[in-house]
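Visitor: Dropping the sequence and predicted coords here.
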Amino acid sequence: QSKDIDVTNMTDQKLCAPSMLRIFGRSTGRENSDIVGEYIQIGAVHGRPVYRQQGSTTVIRYWPPQKRWVIDREGLRESDVCVAFAAESLDLPHPAYPHLIWSVWESTAQAHVSDTQVIAISAPGCVTIVGRDEGRENNFVNGQYSFSTVCHGRPTYVHSRGDLCIRYVKEEHRWIIAVLGQDSSCCIAHAEASTFEHPGHIELDWVFWEPVHGRFCLDPRTRAVVAPTTVRVIGRPLQAENARINGSYILAGIMEGRPAYVQPGTRNLIRYSCRTDRWLLDPDGLMEPSLASRLYYWIFRGDLNAAGERCAAFSDAAGSAHPGMSKLEWFVWESRCSRFLLDPQVRCTTAPLSIQVAGRAFSRENQFLNGEYLLAGTDLGRVFYQKLGTHTVIRFWPQRSRWLIDGMGLQRTDACSAFADCLPDSEFPGDVCSVWYVYESTRGCHFSDAAIAVFPTGDDTMIQLDDFTISNSMCSSRLPDEAPKDLSTMRMPSILRQHGHYGA
């Protein structure tokens, strides 16, 4: 017998656990291969973290009576019924340990069968290399790398072009960037792994092969980061002052230890300020403050560096790793009152420009919800989408943490044709944690339809940034430039120069 249980806040448990993990290794053709994927931490039960699979009800939770981590397709409940489990006797704080052996249910055996290929690791879906200056040797390493496989208990990532990889070398305890398929003794760049379980940590210091010096040299500006490649600022009315802040921004580098984003074809910049712990949106951010402007700020504010804090809008960072989170509130400069005012409609998000709803059978009621929807604005702190040529919208309902499909447009009610539950920080309707429920008049209630899927359409993230750079003096690093260090005598044959994305 089972019963539902509540999740407590992980911060109250004072436990150290990764915010996300990944189940890898179950072959696609095998039964229950759908356990593979990314899981996000949603809280804690029994003093251990709970992870929910992106886009489903499946969770990974701890079951104390049998000292097991279990994967349960039915969500969070007090039960030993599960699709897979890993027994452990070491009192581990979380399940992302490669040495755990997972047993997966197989109908033919009517039992859970050990599958040594299944591994749980702490690994984001993508890692992005930024900051290797245009014009330097091996600048083609810049760009996005996607999770590919696991080697030596650590994730391996492959560049979007398919020619490079980031992988772990156990013998040297290093992360390396190398040509895909090349022998492990050769690399383009490397970083000491330290205690990091994956390479997407901004603290890692990368050293590159420099033919001019004949050795590997530290590049303090090149960083690996887990951050969206595109964020969008939406919601500022076109007739309002500073409406030019609206638009898509592309990851371009690291400034003051956080990702910086630029809007192609403009001087617009979103960056982090350590001085104020804010995200700043500056329409002239790619222009360095002149000496005159610095003196002006020094005379009137007593701060020679205050000119670097100028912006058209700002949001308190509140611990956010990047600005593309709808929960952040933005204050926009209003000349008429000479101060920044909160604009509740302005949001910076990772939501895609268009999405597709598919899967509702045409023979069933409310099949009209199928189709393409375009990003139309913000409502109640989230984006909303509108179906082309109709009043039908997909909107967020914060009281129940749900995405609703509503044929009547924007309303201040939870009445809708369909809904799906989501986590409070969900950015768009494809990021849900339940199946979609559609209203059926014969039943008089919303009924689940597992066939419905919501997914982004198109790909506008890969934009070549060749028209501008963030100047080196603006890209302040945590570490000062150092003289080249001879970190290895290993020679690296040069690779043909290529253009890469996100070069700053």
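Guide: Happy to help now that I have it.
Visitor: residue ranges with poor pLDDT in the protein?
Guide: For the chain, residues meeting the criterion pLDDT under 70 lie at 1-15, 185, 287-308, 459-504.
Visitor: what's the burial count for the nearest residue to residue 116 once chain neighbours are set aside?
Guide: Among residues not flanking residue 116 along the chain, residue 101 sits closest, at 6.3 Å (Cβ to Cβ, 6 or more residues apart in numbering). (Each C-beta comes from the backbone N, C-alpha and C, glycine too.) Neighbourhood size, residue 101 [other Cβ atoms under 10 Å]: 13.
Visitor: How about residue 57?
Guide: Residue 57 has 16 neighbours, counted by other Cβ under 10 Å.
Visitor: so is it in a helix, a strand, or just coil?
Guide: Here residue 57 is recorded as coil under DSSP: H, G, I helix; E, B strand; the rest coil.
Visitor: Wait, it touches residue 432, no?
Guide: No. Using Cβ atoms under 8 Å, residue 57 is not in contact with residue 432; the gap is 9.7 Å.
Visitor: joint contacts of the two?
Guide: Where contact means Cβ atoms under 8 Å, 6 or more residues apart in numbering, no residue is in contact with each of residue 57 and residue 432.
Visitor: Please give me every residue in contact with residue 342.
Guide: Applying Cβ under 8 Å, 6+ apart, the residues near residue 342 are 329, 330, 331.
Visitor: Apply 10 Å and report the result again.
Guide: Going by Cβ atoms under 10 Å, 6 or more residues apart in numbering, residue 342 touches 315, 329, 330, 331, 332.
Visitor: residues in contact with the residue nearest to residue 116?
Guide: Counted by Cβ under 10 Å, 6+ apart, residue 101 has contacts 85, 86, 87, 88, 114, 115, 116, 118, 119.
Visitor: Next one: it from residue 91, what distance?
Guide: 17 Å (Cβ to Cβ, to the nearest Å).
Visitor: again with residue 162
Guide: 42 Å.
Visitor: Helices of the stretch 251-400 of the chain, start to end?
Guide: Using DSSP state H, counting those that start in this stretch, the helices found in the stretch 251-400 of the chain span residues 291-301.
Visitor: hey, where'd the strands end up in it?
Guide: For the stretch 251-400 of the chain, the strands defined by DSSP state E, counting those that start in this stretch cover 258-262, 269-273, 278-282, 313-316, 331-334, 339-342, 347-349, 354-358, 371-379, 382-387, 393-397.
Visitor: list the buried ones in stretch 212-224?
Guide: Across stretch 212-224, burial judged by 16 or more other Cβ atoms under 10 Å covers 215, 216, 217, 218, 219, 220, 221, 222, 223, 224.
Visitor: Please render those as a markdown table that adds distance to residue 319 and secondary structure to the earlier fields.
Guide: Shown next, in a markdown table, are the buried residues of stretch 212-224 (distance: Cβ to Cβ, whole Å; DSSP: H, G, I helix; E, B strand; the rest coil):
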| residue | distance to residue 319 | secondary structure |
| --- | --- | --- |
| 215 | 39 | strand |
| 216 | 34 | strand |
| 217 | 34 | strand |
| 218 | 29 | strand |
| 219 | 28 | coil |
| 220 | 24 | coil |
| 221 | 24 | coil |
| 222 | 25 | coil |
| 223 | 19 | strand |
| 224 | 20 | strand |
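Visitor: Can you flag the buried ones in the contacts of residue 101?
Guide: If we count by 16+ other Cβ under 10 Å, those have these buried: 85, 86, 88, 115, 118, 119.
Visitor: wait, doesn't the first one sit right on residue 79?
Guide: So the one you mean is residue 85. No. The pair residue 85 / residue 79 is not scored as a contact, 11.7 Å apart, by Cβ atoms under 10 Å.
Visitor: circling back to that earlier point, narrow the contacts of residue 101 to those in strands?
Guide: 85, 86, 87, 114, 115, 119 (DSSP state E).
Visitor: which residues does the fourth one contact?
Guide: Taking Cβ under 10 Å, 6+ apart as the criterion, residue 114 is in contact with 86, 101, 102, 103, 104.
Visitor: beta partners for it?
Guide: Applying DSSP bridges to residue 114 gives these bridge partners: residue 103.
Visitor: about what we covered before: distance of the residue nearest to residue 116 from residue 399?
Guide: The gap separating residue 101 from residue 399 is 43 Å, by Cβ to Cβ.
Visitor: Give me the contacts around stretch 238-248.
Guide: 230-237, 261, 263-266, 268, 270, 281-283, 311-313, 330, 332-336, 343, 345-346, 348, 353, 460-461, 463.
Visitor: Out of those residues, which end up buried?
Guide: 230-236, 261, 263-264, 266, 268, 270, 281-283, 311-313, 330, 332-333, 343, 345-346, 348, 461.
Visitor: wait, which of the buried residues of stretch 212-224 is closest to residue 369?
Guide: Taking Cβ to Cβ as the measure, residue 369 sits nearest to residue 224 out of the buried residues of stretch 212-224, at 40.1 Å.
Visitor: Just to check, that closest one is in contact with residue 191?
Guide: Yes. Counting by Cβ under 10 Å, residue 224 does reach residue 191; the two are 7.7 Å apart.
Visitor: and for the two, which residues touch both?
Guide: Common neighbours of residue 224 and residue 191 (Cβ under 10 Å, 6+ apart) are 166, 175, 177, 199, 201, 203, 204, 206.
Visitor: Please list the members of those residues that lie in strands.
Guide: Using DSSP E, the shared contacts of residue 224 and residue 191 in strands are 166, 175, 177.
Visitor: Can you tell me which of those residues is nearest residue 183?
Guide: The nearest one, if we look at those relative to residue 183 and count by Cβ to Cβ, is residue 177, at 14.3 Å.
Visitor: Any idea how many residues pack against the closest one?
Guide: 25.
Visitor: which ones are touching residue 191?
Guide: 166, 174-177, 199, 201, 203-207, 218, 222-224.
Visitor: Isn't residue 346 up against residue 233?
Guide: Yes. At 6.8 Å, residue 346 counts as touching residue 233 under the criterion of Cβ under 10 Å.
Visitor: so what sits against both of those two?
Guide: With Cβ under 10 Å, 6+ apart as the test, residue 346 and residue 233 both reach 245, 246, 281, 313, 330.
Visitor: any idea how far residue 35 is from residue 87?
Guide: For residue 35, the distance to residue 87 - Cβ to Cβ - is 17 Å.
Visitor: same question, residue 398
Guide: 40 Å.
Visitor: cool, residue 388 as well?
Guide: 52 Å.
Visitor: Check residue 140 too.
Guide: From residue 140 to residue 87 the distance is 45 Å (Cβ to Cβ).
Visitor: what's the burial count for the residue nearest to residue 406 when sequence neighbours are not counted?
Guide: Nearest residue to residue 406, sequence neighbours excluded (Cβ to Cβ, 6+ apart): residue 416, at 4.6 Å. When neighbours are counted by other Cβ under 10 Å, residue 416 registers 24.
Visitor: Now name the helix or strand holding residue 416.
Guide: Using DSSP states H and E, residue 416 sits within no helix or strand.
Visitor: ok, now which ones touch it?
Guide: Taking Cβ under 10 Å, 6+ apart, we find residue 416 in contact with 366, 369, 393-395, 397, 402-408, 437-439, 446.
Visitor: same question, residue 24
Guide: 35-37, 98, 117-121, 123, 147-150, 155.
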